[in-house]
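Q: turn this into a structure:
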Amino acid sequence: MQKSFAWRRNQIVDDSFHLKTDVDVYNDMVSGKHKPFQLVLDFTDDVAEREELERMQNRRTDVA
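A: Okay, here's the model as predicted:
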């Protein structure tokens, strides 16, 4: 399981790296014309929000 978790985490890192590269290139292209896009790569709040959404959906399913 540890190898599987490491592989999945590495996929996330790769996606985040590519996203950051895209944002950096975009910000370079619009430099001086637009406010730079601020990219946040801390997903702590996003994961917590998704967990809560799952809990809420599961509660609805259990009640129905």
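Q: what's the helix or strand residue 9 falls within packed up against?
A: For residue 9, the enclosing helix or strand under DSSP states H and E is helix 2-29. Of the remaining helices and strands, none touches helix 2-29 by 3 or more CB pairs under 8 Å, 6 or more residues apart in numbering; DSSP states H and E. Glycine gets a C-beta too; all of them are placed from N, C-alpha and C.
Q: test my guess that residue 26 contacts residue 37.
A: Yes - under the criterion of CB atoms under 8 Å, residue 26 makes contact with residue 37 at 6.2 Å.
Q: name the residue in these two with the higher neighbour count.
A: For residue 26 versus residue 37, the count of surrounding residues by other CB atoms under 10 Å is larger for residue 26: 14 against 11.
Q: contacting residues for that one?
A: residue 37 (CB atoms under 8 Å, 6 or more residues apart in numbering).
Q: if we go to 10 Å?
A: Shown in contact with residue 26 (CB atoms under 10 Å, 6 or more residues apart in numbering): 34, 36-37, 39.
Q: mind putting those into TSV with pLDDT and secondary structure?
A: Converted to TSV, these look like this (pLDDT from 0 to 100; DSSP: H, G, I helix; E, B strand; the rest coil):
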residue	pLDDT	secondary structure
34	93	coil
36	96	coil
37	96	coil
39	97	coil
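Q: which of these are buried?
A: Buried by 16 or more other CB atoms under 10 Å: nothing, out of the contacts of residue 26.
Q: what is the nearest of these to residue 55?
A: Nearest to residue 55 among those, counting by CB to CB, is residue 39 at 28.1 Å.
Q: ok, and the closest non-adjacent residue to that closest one?
A: Spatial nearest neighbour of residue 39, chain neighbours left out: residue 23 (4.6 Å); criterion: CB to CB, 6 or more residues apart in numbering.
Q: list the contacts for that neighbour?
A: 36-39, 41.
Q: how far away is it from residue 52?
A: 27 Å (CB to CB, to the nearest Å).
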